[in-house]
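J.: Take a look and give me a structure for this.
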Amino acid sequence: MDMRSKTSVAGYLAGTPQLKRLQNGLLLFVTQLGQKQYQRQDDGTFTLTGTAYVGLTVLGTRAETAFELFTEGDDVIALGEFHSRTFERRGESVDQIQFRADKLLFDTSHPRYTVTRSPRPVDAAPTLPASSPSAAVEFRAPAAMVLGR
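T.: Sure thing, here's the model as predicted:
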């Protein structure tokens, strides 16, 4: 079985997120994704050379969740696909690339994010004596997956 994969883009929300409702009733989360571009210098430092921007959209119920969770300036990772969109602006046809995200996640590699969870109940994870034969768990791949069979 093949692994599912999607294109991912890391950046920050460069615009104020908006939640729109399309004519068919579908919700649409819309903002700009910014990605700072750096150039490595000979002395090992990096110089900011500019910022690249792309439109970012999330559709459906995920759009409402994204609108509740994210705000301008948040560092994110978006998983989805790039799409080309053509529309008219002031009588002229405009082609625009946008990233349509299936998932929008906080980029946890940036230290300003914390996760707050309620403590797990003490009896949630049973403890087994180290000498117990059931303390060891063995995982095996199905025979068809071993050595590519």
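
J.: alpha carbons only for contacts and neighbour counts from here, please
T.: Noted.

J.: How many neighbouring residues does Arg90 have?
T.: 6 (other Cα atoms under 10 Å).

J.: actually Val9, not the one I wrote
T.: So Val9, with other Cα under 10 Å, has 19 neighbours.

J.: Might one say that it is in contact with Ile77?
T.: Yes: at 5.6 Å, Val9 and Ile77 qualify as touching, with contact defined as Cα atoms under 8 Å.

J.: Quick check: neighbours shared by those two?
T.: Residues touching both Val9 and Ile77 (Cα atoms under 8 Å, 6 or more residues apart in numbering): there are none.

J.: what about stretch 100-107, average pLDDT?
T.: Across stretch 100-107, the average pLDDT comes to 94.

J.: Output that stretch as CSV - backbone C-alpha positions only.
T.: Below are the C-alpha coordinates for stretch 100-107, written out as CSV (Å, rounded to 0.1, in the frame of the first residue of the first chain):
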residue,chain,number,x,y,z
ARG,A,100,-6.0,25.1,-1.3
ALA,A,101,-5.3,23.6,2.1
ASP,A,102,-6.9,20.3,3.2
LYS,A,103,-5.3,20.8,6.6
LEU,A,104,-4.0,23.9,8.3
LEU,A,105,-1.7,23.3,11.3
PHE,A,106,0.2,25.5,13.8
ASP,A,107,3.9,25.3,13.1
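
J.: How far away from the center of its chain is it?
T.: 3 Å (Cα atoms, centre = their mean, to the nearest Å).
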